[in-house]
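J.: take a look and give me a structure for this.
(one chain, ligands or ions: 3)
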Amino acid sequence: MYKPLFVTGIGTDIGKTLISAILVEKLKCDYWKPVQSGELDNSDTIKVQRLVSNEVSVFHPETYRLTQPYSPHKSAAIDGIGIDEKTIIAPKTDNRLLIEGAGGLMVPLNNHFLVIDLIKQLNAEVILVSQNYLGSINHTILSIEALKQRGIPVKGIIFNGDENTSTEEYITTYTQINHLGRIPVLTTVDKNTIADAGKYISL
Ligand SMILES: Nc1ncnc2c1ncn2[C@@H]1O[C@H](COP(=O)(O)OP(=O)(O)OP(=O)(O)O)[C@@H](O)[C@H]1O
Ligand SMILES: C[C@H](N)[C@H](N)CCCCCC(=O)O
Ligand SMILES: [Mg+2]
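T.: Ligands and ions are numbered 1, 2, ... in the order given. So this is what the prediction gives:
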């Protein structure tokens with residue numbers, strides 16, 4: 001059986017949800033966002049569900065639905081709860097499971113447990129979403145180093161947005177991690193463009 005795919009990013013707002021939607025549609029896999037911070041009426045699960053056309057993918061409920069749009073450890077504290085990592089258990093499914101993280105790898109779920117620890121706990125392999133901006137080489141290589149240090153398998157990097165061949169080549173050559181493709185800036189984000197964008201990813 002496949003390991004779950006964990007979509008993380010070099011930061012927050014980098015395009016994890018958009019790329020998760022493209023992958024869920026391409027692979028017809030299930031989707032699960034274990035921790036949602038804020039935007040509960042327009043959660044990442046709702047966004048992906050709206051962008052996916054196939055009828056095979058199952059959308060599993062979040063384990064933690066936090067009302068405030070902050071780092072999960074802080075959102076949980078405001079809601080008067082603590083996130084207990086032992087309660088975050090992957091849903092049972094016969095289909096492949098794609099998991100979307102919150103923010104980047106070193107985002108805290110509580111005072112001792114980070115998103116990167118959750119990836120390890122769930123025995124997942126990583127797809128890292130990167131974006132080309134000045135400073136992104138540093139953020140991308142640091143993310144890969146942290147994953148390597150913990151022995152977490154990395155399926156590859158997907159670049160999101162404008163192309164920068166020099167940056168992309170440097171990162172993939174230095175890290176020796178697969179370049180799985182690049183999603184251009186989509187002028188319209190809807191079911192059609194999400195289904196079509198699967199062509200940009202080799203997986
Ligand atoms: N390639 C793209 N073309 C057009 N719009 C994009 C693209 N990538 C991301 N966006 C838009 O940028 C915004 C942020 O993207 P997204 O929600 O996927 O980020 P995220 O990494 O999932 O954020 P979070 O950390 O909150 O989960 C969204 O409005 C999304 O639709
Ligand atoms: C609320 C937001 N959209 C994300 N889901 C959470 C981002 C946490 C980032 C924390 C940090 O790295 O400082
Ligand atoms: Mg998201």
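
J.: kindly report the residues of the chain close to ligand 1.
T.: Residues of the chain that fall close to ligand 1, judged by CB under 6 Å from any ligand atom: 9, 12-18, 44, 103, 160-161, 183, 185-186, 189. (Each C-beta comes from the backbone N, C-alpha and C, glycine too.)

J.: give the buried subset of the residues you listed as a ChimeraX selection command.
T.: What follows is the ChimeraX syntax selecting those of these that are buried according to 16 or more other CB atoms under 10 Å:
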select :9,14,15,16,17,18,44,103,160,161,183
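
J.: for the lengthiest helix in the chain, name the packing helices and strands.
T.: The longest helix of the chain (DSSP state H) is helix 136-149. Here helix 136-149 touches helix 115-121, strand 125-130, strand 154-160, helix 165-175, going by 3 or more CB pairs under 8 Å, 6 or more residues apart in numbering; DSSP states H and E.

J.: show me the contacts for the residue of the chain at minimum distance from ligand 3.
T.: Using CB to the ion, the point where the chain gets nearest to ligand 3 is Thr17, with a distance of 3.4 Å. Residues near Thr17 by CB atoms under 8 Å, 6 or more residues apart in numbering: 44, 47-48, 100.

J.: show me which of those is closest to ligand 2.
T.: Asp44 (7.8 Å; CB to the nearest ligand atom).

J.: the closest one and Trp32 touch, don't they?
T.: No. In terms of CB atoms under 8 Å, Asp44 does not count as a neighbour of Trp32; the distance is 10.2 Å.

J.: rewinding a little: using CSV, lay out the contacts of Thr17 together with pLDDT and secondary structure.
T.: Converted to CSV, the contacts of Thr17 look like this (pLDDT from 0 to 100; DSSP: H, G, I helix; E, B strand; the rest coil):
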residue, pLDDT, secondary structure
Asp44, 98, helix
Lys47, 98, helix
Val48, 98, helix
Glu100, 98, strand
